[in-house]
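Participant: Here's a sequence, model it:
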Amino acid sequence: MTGNSAATLIGKRYQLHESLGRGAMGAVYRATDRLTAQTVAVKRVTTVFESRPLDSSTEKFDIRLALAREFKVLASLRHPHIISVLDYGFDEVGQPFVTMELLQEARPFVLAGQGEPLERKIEMLVELLQALAYLHRRGILHRDLKPGNVLVDANGQVKVLDFGLAAKSEQAKEIAGTIAYMAPEVLQGKQVTVASDLYAVGVMAYELIAGRHPFDVRDTNHLVRAILNINPDLELLYAQTFYGEIVPELDGELGDTLHFEGNQPATDVLDSQLDRTITDENRIVLLDDTQHLKNSPIKGDVEFEISPDTPNERYVLASIIGRLLAKSPADRYYDAYDVIQELCAAIGQAVPAESPAIRESFLQAAEFVGRHTELEQLTKALSQSLSGQGSAWLVGGESGVGKSRLLDELRTHALVEGVMLLRGQAVSEGGLPYEIWHDPLRRLVLTSDVTDVEAGILKDLISDIEDLIGRKVPDAVKLEGTAYQQRLLGTIASIFQRQQQPVLLLLEDLQWVSNESLEIVKRLSGMIGELPILIVGSYRTEDRPQLAEELPEMTLLKLERLSTEGIAELSVSMLGETGRQPQVLELLQRETEGNVFFMVEVVRALAEEAGRLDQIGRVDLPQHIFAGGIQTVIKRRLDRVPAEGQILLQLAAVLGRELDLAVLEQVKDSLNLDEWLIICANRAVLEVQEGEWRFAHDKLRAAALNAIPSEQQPSYHRKIAEAIEKVYPNALDQAATMAQHWRVAGDVDKERFYSQRAGEHALKISAFSDAITHFERALELLPSQSAERIEAELHTKLGETLQYIGDYVNAIRRLEKGLQIARTIDDQTGAARALNLMGDAYWGQGDYPKAAAICEEGLTISRAINDQRGIARSLNRLGMVSSETGDYATAVRRLEESLRYVGEINDLEGCAIVINNLGTVSYAQGDYTGARRYFSESLTIWQTVGDRRQAAISLMNLGSVAGEQGDFDSATRYFQETLETCRAIGNRRGVAMALDNLGFVAELKGDYPSATRYFEASLALARAIGNRRGMATTLVNLGHVARAEKSLERAADYYYQALSLAREIQAIPTLMEALIGLADVIPDRIRALTWLALVMHHPATSEGTKKLATPVLEKLKSAVSPQNAAAAAEKGVALDLETVVAEALQERANMLLQMMGRV
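Facilitator: Numbering: from 1, shown residues only. Now for the predicted structure:
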């Protein structure tokens, strides 16, 4: 590749480098996988649609879907002699691509056999035929076998590759391939069959043994006629010596590929095609299969070393190759395995044991059945997301019911549509904080133009983000607690918000995620209604049955077990016609009750007993599979992994469902890890998902864990823990995993050490529920003596974490314990921190006197030890206590002193908080100019640190100030920017508030229709998210607009609704405002005056509320006599607020009932 092509990205993941080969079906490149940093081979298929003229976009989609399914089959192939397909998909312009392992130092098949003894050559042919047998049993024809597509790697292993021309046997109707290796029937335009692939094997076998091609290849016309009409000279195969020279002109014509449409006979086009030079090598990796013929002609081996005592062997070998090269397919072998048997017999070798992968292939490739209704719902949602109507779905069901298979099928549809796939997997124990988001976010940052600020915020979750985006990333400004969490949530939501390419986000096993991870799901689910994003999560209903209630924004799709019809359909898919037999169906229904996982396992067990799949139904079936039930069946599957691989399998289970190959490399002992992986995959124990190895089902991992004897479990976990320490030294994100392993290993000290580190890391990234778990465990493990400082620190950090989640009672209890120990050991720094945090907790409870006393004590200690951060924190909290109690002068003094300290230590977050608080105090005093200055300064800082949630709050505050100043245009602009920011970060509560404020500005401007639209939108959103306080406030505002429009009955209805909601949640200020509005619309003026008197003299009434009530009070007083007004005022002062509200609501309910009765 040259020029701009060198920078080409495929799927925004694979960086293409130089071309390794190019042909009619596409081109192959060496590439770097930016996600894994591995070097791979990427094939871009470029002629999928050129050879098939399409009449409609529907037909084009169907072909892409079929192609994606073929890719999916190729990706599932796991055989030691077949190249591994790692990934597949469609690029930005809809062209398909396949990613494969890149073979280093590999040689073409014939070249690799040069100079090797006969036994080695037969071994190479057997390995090739084993691969071909595997493919053919899965219904796949290669169609382009030649030396360049069969390589021998550096370890001497034969690898079959280039499935660019491969096809399902029932679909192989087009002529394609390389002329020199095409079977006669292919050149004649007849059906391509297994025999056609075996013919190509015969040509390569002839080259390998005789040292040359069976025909004269110097002229293409002569070559084609020879293939069709001339039998090869078999005498060259059984001559004991041969000194032949290969024709060097082979490189031009031998590599030519003919590609004819449909079944058009070759003879009809030979005259026009044979004289034309066609350059198609269809190479996947490395070398030109004929290049050696041009540069270094191959000579026959000096001696075949066939024993003179068995002179017939060489004739048998020639006979085998001659049969492979027969002109008629009917005269060739029917099966690659038959060839293997005869080849081995010819030289007296034992036939290699056949891999059980063939049987597994039918089970693993069983058709998708029984979920068509559910798939139709999800594919419809996928189509809607393409047009910007996103949605979120939750797929629930018991383990093994088919959730993952449904998501896999949806994934295939998404790939066809060019949708970017993100996939996250939760783990049951010992996972990283935000584990389920790790892989989706790594993939997302590859496709998104993330800013340095965003990248810095994500660095704690994606430790290799600098490698992924290719630049240095400065650390984000330090935030703590909920501020950190909200900034992280906002950043993730903002990146999703900006996606232009449609996205499918699959989240598996949500039953295991933490509350913090679930918050991200909630945030995204609530914001994607107008985005091209589809979210589909899965969970086990038996493990977390209430999850659907925790995620109300997601549409629940519950999978039940297969029906009788579904069982029959899956049975036929796996067993063919045998699967229709009544006794087979009855057994499957009885033993599995429609659980898909159980069905596959039962069929696998039956096949083992019967010997072959097709023998099931021909033998007597048992009443029950095994006495131990399905668990025994699963154990039998694990037992099929060879004994020498069992320990590594169990160690992998200890490590988790997802395999960390770097860690396994440390514990594999003498095993070849790659070979072990293939063996386990062929036995359907392991699988590759998105290029990563994992257990094929969590039940298999659980069974492997249960197989470890209890007395050996500690040593297994110790071995894994030590390997992780070696591979990831000092990695904080591994601390939780390490704590779990050391716990089972029985090393208390190491478990405590890693538990504390895990808690600190979780607290740092605001994974509060994880932090609480780890800190509590670390405290349990502390020795009874000599660990006071650590104990005090743990109590304080646990109290801090509890405070962040609003559990102030337990937070204070922990902080008091930490304070007590800190004082005992004279740890002044620890004591000051505990006091400051305790002051925050009392503030959160609304206990301002206690908060002030605690903070004063903390301030004294912080000043004594010159802890500037502690001094600033105490002063800030004391300033806000003074503000809440109306002592604004003291508040300003405290806050300004706090600001000096945070400025001296360059604490940007602290500066923004204190400046915002100064703005709040100025606003409360009516100093709008000062408030505007402070809020602007805090906005600038929040934008600098990347906290868009706090920036939105500053914008909202600026809008409120502008509104108070009568600058309605500026207020509207600020609130619109707030609205856009909140939408971008998925903060729906903020969106509702911004809409409410926009309605308020419109009301002040007299634009009542616009005000009503804004308020109604805010109310709908508040209802959707369950924000009852927001609902009550907006209902009051709607009442105000209706009152301004003289629609008094509508206004009263809004006010009464607000009154009812405010009473339920004890929102006293909102109760007051609703009563003021009602007083202005009810016909009973005396009663209205008593309500207003109650409001004006209630201890909870603010100056702002009094200001709102005064004009209504004056209007009503002017409408009655002074005596009546005075009496009403006197009565109102003595009224009880709760009684008044209850009576008003009851009277309203009675009136509505009477109206309904009249109707």
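Participant: Now the phi/psi pair for Pro502, please.
Facilitator: phi -60, psi 140 (degrees, to the nearest 10).
Participant: Surely it is in contact with Val419?
Facilitator: Yes - contact status for Pro502 versus Val419: in contact at 4.5 Å, counting by Cβ atoms under 8 Å. Bear in mind the C-beta positions are built from the backbone N, C-alpha and C, glycine included.
Participant: Between the two, which contacts overlap?
Facilitator: When contacts are counted by Cβ atoms under 8 Å, 6 or more residues apart in numbering, Pro502 and Val419 have Ser385, Leu386, Leu534 as shared neighbours.
Participant: Looking at the residues you listed, spot the one nearest Pro108.
Facilitator: Within the shared contacts of Pro502 and Val419, proximity to Pro108 (Cβ to Cβ) peaks at Leu386, which comes in at 44.3 Å.
Participant: Check the closest one and give its pLDDT.
Facilitator: Model confidence at Leu386, expressed as pLDDT, equals 91.
Participant: Please report the number of neighbouring residues for it.
Facilitator: Taking other Cβ atoms under 10 Å as the criterion, the count of residues near Leu386 is 15.
Participant: go on, Ile790?
Facilitator: By the measure other Cβ under 10 Å, the count of residues near Ile790 is 17.
Participant: Counting by contacts, list what the one helix or strand it maps to packs against.
Facilitator: Under the criterion of DSSP states H and E, Ile790 resides in helix 788-804. In this structure, helix 788-804 makes packing contacts with helix 481-497, helix 748-764, helix 768-781, helix 808-824, helix 828-845, judged by 3 or more Cβ pairs under 8 Å, 6 or more residues apart in numbering; DSSP states H and E.
Participant: between these, which one is nearest to Asn916?
Facilitator: helix 481-497 (11.8 Å).
Participant: Keeping just the C-alphas, turn the closest one into PDB.
Facilitator: Output of helix 481-497 as PDB, limited to C-alpha atoms (Å, rounded to 0.1, in the frame of the first residue of the first chain):
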ATOM      1  CA  GLY A 481     -17.300  10.900  45.400                       C
ATOM      2  CA  THR A 482     -20.500  11.700  43.600                       C
ATOM      3  CA  ALA A 483     -18.800  14.500  41.700                       C
ATOM      4  CA  TYR A 484     -16.400  12.000  40.200                       C
ATOM      5  CA  GLN A 485     -19.300   9.500  39.400                       C
ATOM      6  CA  GLN A 486     -21.500  12.200  37.800                       C
ATOM      7  CA  ARG A 487     -18.600  13.400  35.700                       C
ATOM      8  CA  LEU A 488     -17.900   9.900  34.600                       C
ATOM      9  CA  LEU A 489     -21.500   9.200  33.800                       C
ATOM     10  CA  GLY A 490     -21.800  12.400  31.900                       C
ATOM     11  CA  THR A 491     -18.600  11.700  29.900                       C
ATOM     12  CA  ILE A 492     -19.800   8.300  28.800                       C
ATOM     13  CA  ALA A 493     -23.200   9.500  27.900                       C
ATOM     14  CA  SER A 494     -21.800  12.400  25.900                       C
ATOM     15  CA  ILE A 495     -19.600  10.100  23.800                       C
ATOM     16  CA  PHE A 496     -22.600   7.900  23.100                       C
ATOM     17  CA  GLN A 497     -24.700  11.000  22.300                       C
END
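Participant: got the end-to-end distance for stretch 209-221?
Facilitator: End-to-end span of stretch 209-221 (Cα to Cα, to the nearest Å): 25 Å.
Participant: and what of stretch 700-713?
Facilitator: Its start and end residues considered, stretch 700-713 measures 17 Å (Cα to Cα).
Participant: Distance from the chain centre to stretch 769-784, please.
Facilitator: Between the mean C-alpha point of stretch 769-784 and the mean C-alpha point of its chain there is a distance of 30 Å (Cα atoms, centre = their mean, to the nearest Å).
Participant: Not counting it itself, show me its contacts.
Facilitator: Outside of stretch 769-784, the residues that reach it under the criterion Cβ under 8 Å, 6+ apart are 433, 514-516, 736, 739, 748, 751-752, 755-756, 758-760, 762-763, 790-791, 794-795, 797-798, 801-802, 805.
Participant: Tell me the buried residues in stretch 1004-1014?
Facilitator: Of the residues in stretch 1004-1014, those scored as buried under the neighbour-count criterion (16 or more other Cβ atoms under 10 Å) are Asp1007, Tyr1008, Ser1010, Ala1011, Thr1012, Tyr1014.
Participant: Helices - which of those residues land there?
Facilitator: Under the assignment DSSP state H, the buried residues of stretch 1004-1014 contribute Tyr1008, Ser1010, Ala1011, Thr1012, Tyr1014 to helices.
Participant: and which of those residues is nearest to Arg1050?
Facilitator: Nearest member of these to Arg1050, counting by Cβ to Cβ, is Thr1012, at 10.2 Å.
Participant: give me every residue that touches the closest one.
Facilitator: Gly999, Leu1038, Val1041.
Participant: most residues in a single helix of this protein, which one?
Facilitator: The chain, longest helix under DSSP H: helix 1137-1158.
Participant: and that helix, average pLDDT?
Facilitator: Here helix 1137-1158 scores 80 as its mean pLDDT.
Participant: Repeat that for stretch 325-341.
Facilitator: For stretch 325-341, the mean pLDDT works out to 92.
Participant: Partner strands of the longest strand along the chain, with direction?
Facilitator: Scanning the chain for the strand with the most residues, using DSSP state E, yields strand 14-23. Based on DSSP bridges, the strands next to strand 14-23 in the sheet, each with its direction, are strand 9-10 (antiparallel), strand 26-33 (antiparallel).
Participant: Report the residue ranges of every domain in this protein.
Facilitator: Following the assignment in automatic domain parsing, the chain carries domains at 3-101, 116-355, 372-558, 564-637, 641-708, 1033-1159.
Participant: Which of the ones you listed has the lowest mean pLDDT?
Facilitator: Comparing mean pLDDT across those, the weakest is domain 564-637, with a mean of 65.
Participant: That one: end-to-end distance?
Facilitator: 26 Å.
Participant: same question, stretch 100-118
Facilitator: End-to-end distance of stretch 100-118: 31 Å, with Cα to Cα as the criterion.
Participant: got it, and stretch 498-516?
Facilitator: Its first and final residues considered, stretch 498-516 spans 23 Å by Cα to Cα.
Participant: So which bits of that stretch are buried?
Facilitator: Residues 499, 502-514, 516 are the ones in stretch 498-516 that count as buried (16+ other Cβ under 10 Å).
Participant: same question, stretch 962-971
Facilitator: Burial within stretch 962-971, assessed by neighbour count using 16+ other Cβ under 10 Å, is assigned to Ala962, Gly963, Asp967, Ser970, Ala971.
Participant: Next: stretch 897-915.
Facilitator: For stretch 897-915, the buried set under the neighbour-count rule, 16+ other Cβ under 10 Å, comprises 897-899, 901-902, 907-915.
Participant: Show me how far it is from its chain's centre.
Facilitator: Here stretch 897-915 shows a centroid-to-chain-centroid distance of 39 Å under the convention Cα atoms, centre = their mean.
Participant: gap between the two ends of it?
Facilitator: 11 Å.
Participant: pLDDT averaged over it - what is it?
Facilitator: Across stretch 897-915, the per-residue pLDDT values average to 94.
Participant: Give me the contact list for it.
Facilitator: With Cβ under 8 Å, 6+ apart as the test, stretch 897-915 has contacts from 477-480, 483, 868-869, 871-873, 875-876, 879, 895, 918, 934, 937-938, 941-942, 944-945, 947, 950.
Participant: Name only those of those that count as buried.
Facilitator: Neighbour-count burial (16+ other Cβ under 10 Å) is assigned, among these, to 477, 479, 483, 869, 871-873, 875-876, 879, 895, 918, 934, 937-938, 941-942, 945, 947, 950.
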